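[1] here is the input, now give the coordinates:
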Amino acid sequence: MAIAIIRTLILYAAIVISLRIMGKRQIGELEPAELVVAVLISDLAAHPLQDIGTPLLYGLIPVLTLLCCEVLISAFIVKSIKFRAFVCGKPSVIIHKGKIVQSEMKKNRFTLDELSEQLRKKEITDISTVKYAILETDGSLSTILFAEQSPVTPKQMNIPVDDAGYPVMLINNGRVLENNLKKMGYNGIWLKRQLQNKNISREKDVYLMTVDEMGRIYFAVREGTI
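    Predicted coordinates for the structure are as follows:
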């Protein structure tokens, strides 16, 4: 039993490290070559787990080999545009100035139902409002609306707005994030004062606390404390 657990932990660590080296992508965003490597890695690692008599190296060596291949392929993809087009394919324009490009739909085996679904996810119901819709190499759909259909921005209306920046988390589930606190230019005394203003005596009673560049604070008290 102990041997099986150790083998499982070793293979688990190897797969996690391999996928981490491959980069920060969701499964739906993997290029075809990356998806093949991810599937093969999980399949190869399963054999030593199913059969304890199989040497552990029979699972680790193929995984490391695939990882090396993926790293090399990624390097070639960065350096060569032609090689990238061969391995990953090219984006396809599905909608051009409000009209569906049927030849590209057929070429990519992309159905009207799939197109409608992708557009609905982007809250687009009228195809005529879409200037360009591009089917990316990872299968996602990028859309660009006609200028008159695009949402109006404050800049276009000459309305001044405050840029609050990204809210930084200071307390996460009762734990104070000291590095973030210092990064925002605050200290423990300031934090304690803010908690007192909310009638909170302990950091552990705070589920979430964030602050942005404008100094605006968001509190979420842990349920059951008040």
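[2] alpha carbons only for contacts and neighbour counts from here, please
    OK.
[3] check whether the spatially closest residue to residue 95 that is not a sequence neighbour sits in a helix, strand or coil.
    Excluding the flanking residues, the one nearest residue 95 by Cα to Cα, 6 or more residues apart in numbering is residue 133, at 4.7 Å. Following DSSP: H, G, I helix; E, B strand; the rest coil, we place residue 133 in the strand state.
[4] what sits up against the helix or strand harbouring residue 210?
    Remark: residue 210 resides in strand 206-211, with elements defined by DSSP states H and E. Strand 206-211 has contacts (Cα atoms under 8 Å, 6 or more residues apart in numbering) with 167-174, 200, 217-222.
[5] how far off centre is the helix or strand hosting residue 69?
    Using DSSP H and E, residue 69 sits in helix 57-79. Remark: helix 57-79 is offset 22 Å from the chain centroid, using Cα atoms, centre = their mean, to the nearest Å.
[6] contacts for that helix next, please.
    By Cα under 8 Å, 6+ apart, the residues outside helix 57-79 that reach it are 11, 14-15, 18, 22, 33-34, 37, 41, 44-48, 83-84.
[7] stretch 123-130 too?
    Contacts of stretch 123-130 (Cα under 8 Å, 6+ apart): 95, 96, 97, 98, 99, 116, 119, 143, 144, 145, 146, 149.
[8] next: stretch 157-165.
    Outside stretch 157-165, the residues touching it (Cα under 8 Å, 6+ apart) are 154, 212, 213, 214.
[9] may I ask which of those residues has the most neighbours?
    Highest neighbour count within the contacts of stretch 157-165: residue 212, with 16 neighbours (other Cα atoms under 10 Å).
[10] who are the neighbours in contact with that one?
    By Cα under 8 Å, 6+ apart, the neighbours of residue 212 are 164, 165, 166, 167, 168.
[11] try it again with 10 Å
    Contacts for residue 212 (Cα atoms under 10 Å, 6 or more residues apart in numbering) come out as 163, 164, 165, 166, 167, 168, 169, 184, 218.
[12] follow-up on the earlier one: and the helix or strand following the helix holding residue 69, what's buried?
    The helix or strand immediately downstream of helix 57-79 is helix 81-88, counting by DSSP H and E. Across helix 81-88, burial judged by 16 or more other Cα atoms under 10 Å covers 84, 88.
[13] okay, now the sheet partners of the next helix or strand after helix 81-88, with direction.
    Sequence-wise, the next helix or strand downstream of helix 81-88 (DSSP H and E) is strand 92-96. Counting by DSSP bridges, the strands paired with strand 92-96 are strand 99-100 (antiparallel), strand 130-135 (antiparallel).
[14] chain center to the longest one, what's the gap?
    Averaging C-alpha positions (Cα atoms, centre = their mean) puts strand 130-135 22 Å from its chain's average.
[15] if we can go back for a sec, including mean pLDDT, distance to residue 158 and mean neighbour count, could the strands paired with strand 92-96 go into TSV?
    Shown next, in TSV, are the strands paired with strand 92-96 (pLDDT from 0 to 100; distance: least, Cα to Cα, whole Å; neighbours: other Cα atoms under 10 Å):
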stretch	mean pLDDT	distance to residue 158	mean neighbour count
strand 99-100	94	33	17
strand 130-135	95	26	20
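[16] ok, which of those comes nearest residue 7?
    strand 130-135 (41.7 Å; Cα to Cα).
[17] how about residue 42, secondary structure?
    Classified using three-state DSSP, residue 42 is helix.
[18] residues touching it, list them.
    Residue 42 makes contact with 11, 12, 15, 59, 63 under the criterion Cα under 10 Å, 6+ apart.
[19] residue 43 now?
    Residue 43 is in contact with 37, 59, 63, counting by Cα under 10 Å, 6+ apart.
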